[in-house]
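[1] Structure, please.
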Amino acid sequence: MRIYLVGGAVRDNLLGRPVVDRDHVIVGARPEELLAQGYKPVGKDFPVFLHPDTGEEYALARTERKTGHGYHGFAFHADPTVTLEQDLARRDLTINAIAADEHGNLIDPYGGVHDIEARVLRHVSPAFVEDPVRLLRVARFAARFAPLGFTVADETMALLQQMVHDGEVDHLVPERVWAETRKALGEAQPSAFLRVLRACGALAVLFPEVDALYGVPQRAEFHPEIDTGIHVEMVLDAAAAIAPGDDLVGFCALAHDLGKALTPPDMLPRHIGHEQRGVAAVQALATRLKVPTEHAALAELVCREHLNAHRAFELKPATVLKLLVALDGLRRPERLDVFLAACVADKRGRPGHEHDDYPQADWLRRARDAAAAVVAAPFVTQGLQGPAIGAAMERARIDAIAVAKAAL
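    Next up, the predicted model:
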């Protein structure tokens, strides 16, 4: 029995990145041997075990054979005769198909070390096309490693395009699409996720509402990038810088301008009413991907209300309160924080504006604190009851916001 460290741990160590998960492959063993040593089985489809002491994942070396469409359309074979090279051959990218033995010696049959040095994302074998999730994984790894200079190999992009042409991505279930998208939105450069998907044609299939933004013009005096699709890419990257790893902010950034694809052609490059027009598109995207309820709700609010945030200083106190109530920001200030992070990203997602200040955020937080300081107790003491208490609190909160604004 021989044990090797594989995959992301080896790759990240070579890149000088923190190693988060350590996965291992075991060659020359049977499940009964591992069970006898105290390993705990966790894999339903193939033999995967947790180490009795470290809890790290250990899998028996295995091969796989395509039996149908989609992520589950595979038959796995694991026995002591499967070699390490055979196991590594079934992996997606060469940079993920490197192993290290107990002494740290690398086993790299598919050139992963060279591709790490060359900053290339390259598929291991033609079998890559058999699993449509790999297309999403390549796009996600692009989002993670683009800041290091990684690009997708030409021959790998050709395979991605083939997968789209052959309809393989049509078999991706929403849960898998969202799982990979969520991870990509938490990476350092999420724009690369969109660019890879668009280059291979998958963006139009999986995210038609986003794909429709490309080529839609905006007013150059406000958006030097002009193209709305490029703007969304920049907003995504700004969101990643403002709220690193926060896929909730990232999804709000992704969806905030979907209404611009629905602007009547005779109105372009202006987009009057795009924030209201985009709500249905946000709802369609969130429903199709089965995103979490909070992601869907906040993305819709950002789409509908982000212009109100931008002009916060111009809003009447009553309108400011209405915005805060719509966000449920008086009870849940963290929702206001997510909303504002997405709005800041929108402001900064334009050439030459990457470091703009956004004083509207401080003002809306001050307004929120002023309104939240108004409580029911004094009005109850005055003898008010039922709806009268709510009406009195609303008036008092509007007054409190007006006082706070006067103090600016």
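
[2] Going by neighbour count, list what's buried in the one helix or strand Ala238 maps to.
    Assigned by DSSP states H and E, Ala238 belongs to helix 228-242. Neighbour-count burial for helix 228-242, with 16 or more other Cβ atoms under 10 Å as criterion, is recorded at 228-240, 242. C-beta coordinates here come from the backbone N, C-alpha and C atoms, glycine included.

[3] Equivalent analysis for stretch 169-189, please.
    169, 172, 176-178, 180-189.

[4] residues contacting Val196?
    By Cβ atoms under 8 Å, 6 or more residues apart in numbering, the contact set of Val196 is Val138, Ala139, Ala142, Val152, Met157, Leu160.

[5] contacting residues around the fifth one?
    Counting by Cβ under 8 Å, 6+ apart, Met157 touches Val196, Ala199, Cys200.

[6] Okay, and which of these map to strands?
    Among the contacts of Met157, no member is found in strands (DSSP state E).

[7] Quick check: what element follows the lowest-mean-pLDDT helix or strand in the chain along the chain?
    With mean pLDDT, DSSP states H and E as the measure, the helix or strand of the chain carrying the lowest mean pLDDT is strand 74-77 (a mean of 62). Moving toward the C-terminus from strand 74-77, the first helix or strand encountered (DSSP H and E) is helix 84-89.

[8] Dump the C-alpha coordinates for that next one into PDB.
    The C-alpha coordinates for helix 84-89 follow below in PDB (Å, rounded to 0.1, in the frame of the first residue of the first chain):
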ATOM      1  CA  LEU A  84      -1.300   6.300  -9.600                       C
ATOM      2  CA  GLU A  85      -0.900   7.400 -13.200                       C
ATOM      3  CA  GLN A  86      -4.300   6.000 -14.100                       C
ATOM      4  CA  ASP A  87      -5.900   7.800 -11.200                       C
ATOM      5  CA  LEU A  88      -4.200  11.100 -12.100                       C
ATOM      6  CA  ALA A  89      -5.300  10.700 -15.700                       C
END
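
[9] which helices and strands sit right next to that helix?
    strand 2-6, strand 23-27, strand 63-66, strand 106-107 (3 or more Cβ pairs under 8 Å, 6 or more residues apart in numbering; DSSP states H and E).

[10] least reliable of these going by mean pLDDT?
    Note on those: lowest mean pLDDT is at strand 63-66, with a mean of 68.

[11] what comes into contact with the helix holding Ala238?
    Here helix 228-242 makes contact (Cβ under 8 Å, 6+ apart) with 185-191, 194-195, 198, 210-211, 213-218, 223, 225, 246, 249-250, 252-254, 256-257, 260-261, 341-342, 344-346, 348-351, 354.

[12] List only buried entries from these.
    Buried, going by 16+ other Cβ under 10 Å: 185-191, 194-195, 198, 210-211, 213-214, 216, 218, 223, 225, 246, 249-250, 252-254, 256-257, 260-261, 341-342, 344-346, 348-350, out of the contacts of helix 228-242.

[13] In strands only, show me the residues you listed.
    Using DSSP E to define strands, no part of the buried ones among the contacts of helix 228-242 is located there.

[14] who's in contact with the closest residue to Arg30 other than its chain neighbours?
    Nearest non-adjacent residue to Arg30, counting by Cβ to Cβ, 6 or more residues apart in numbering: Pro80, 6.2 Å away. For Pro80, the contacting residues are Val27, Gly28, Ala29, Arg30, by Cβ under 8 Å, 6+ apart.

[15] Go through those residues and single out the one with the most neighbours.
    The most crowded member of those, judged by other Cβ atoms under 10 Å, is Ala29 (21 neighbours).

[16] That one contacts Ala59, doesn't it?
    No: in this structure, Ala29 is not within contact of Ala59 by Cβ atoms under 8 Å, at 10.6 Å.

[17] in this structure, what spans have low per-residue confidence?
    43-46, 64-76 (pLDDT under 70).

[18] could you redo the last one with a cut-off of 80?
    By pLDDT under 80, the low-scoring segments of the chain are 43-46, 64-78.

[19] Report the backbone C-alpha coordinates of the helix ranked longest in it in CSV.
    Counting residues, the longest helix found in the chain (DSSP state H) is helix 387-406. Extracted in CSV, the C-alpha atoms of helix 387-406 (Å, rounded to 0.1, in the frame of the first residue of the first chain):
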residue,chain,number,x,y,z
PRO,A,387,-51.2,51.1,14.3
ALA,A,388,-50.8,54.5,15.9
ILE,A,389,-47.6,53.4,17.5
GLY,A,390,-46.2,52.4,14.1
ALA,A,391,-47.3,55.7,12.5
ALA,A,392,-45.7,57.7,15.3
MET,A,393,-42.5,55.8,15.1
GLU,A,394,-42.3,56.4,11.4
ARG,A,395,-42.7,60.1,11.8
ALA,A,396,-40.1,60.2,14.6
ARG,A,397,-37.7,58.2,12.4
ILE,A,398,-38.1,60.6,9.5
ASP,A,399,-37.4,63.5,11.9
ALA,A,400,-34.4,61.7,13.3
ILE,A,401,-33.0,61.2,9.8
ALA,A,402,-33.6,64.9,9.0
VAL,A,403,-31.7,65.9,12.1
ALA,A,404,-28.8,63.6,11.1
LYS,A,405,-28.8,65.0,7.6
ALA,A,406,-28.7,68.6,8.9
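
[20] mind listing what's buried in that helix?
    Neighbour-count burial for helix 387-406 flags Ile389, Ala392, Met393, Glu394, Ala396, Arg397, Ile398, Ala400, Ile401, Ala402, Ala404, Lys405 (criterion: 16+ other Cβ under 10 Å).

[21] just stretch 120-135 next, same as before
    Across stretch 120-135, burial judged by 16+ other Cβ under 10 Å covers 120-124, 127-135.

[22] residues contacting Ala296?
    Here Ala296 is in contact with Val282, Gln283, Ala286, Thr287 (Cβ under 8 Å, 6+ apart).

[23] next one: Ile226
    Contact analysis of Ile226 by Cβ under 8 Å, 6+ apart lists Pro217, Gln218, Ala220, Pro269.

[24] ok, those residues vs Leu15, which is closest?
    For the contacts of Ile226, the minimum distance to Leu15 (Cβ to Cβ) is 37.0 Å, reached by Gln218.

[25] ok, the closest one - contacts?
    When contacts are counted by Cβ under 8 Å, 6+ apart, Gln218 touches Glu225, Ile226, Asp227, Thr228, His231, Lys260, Pro269, His271.
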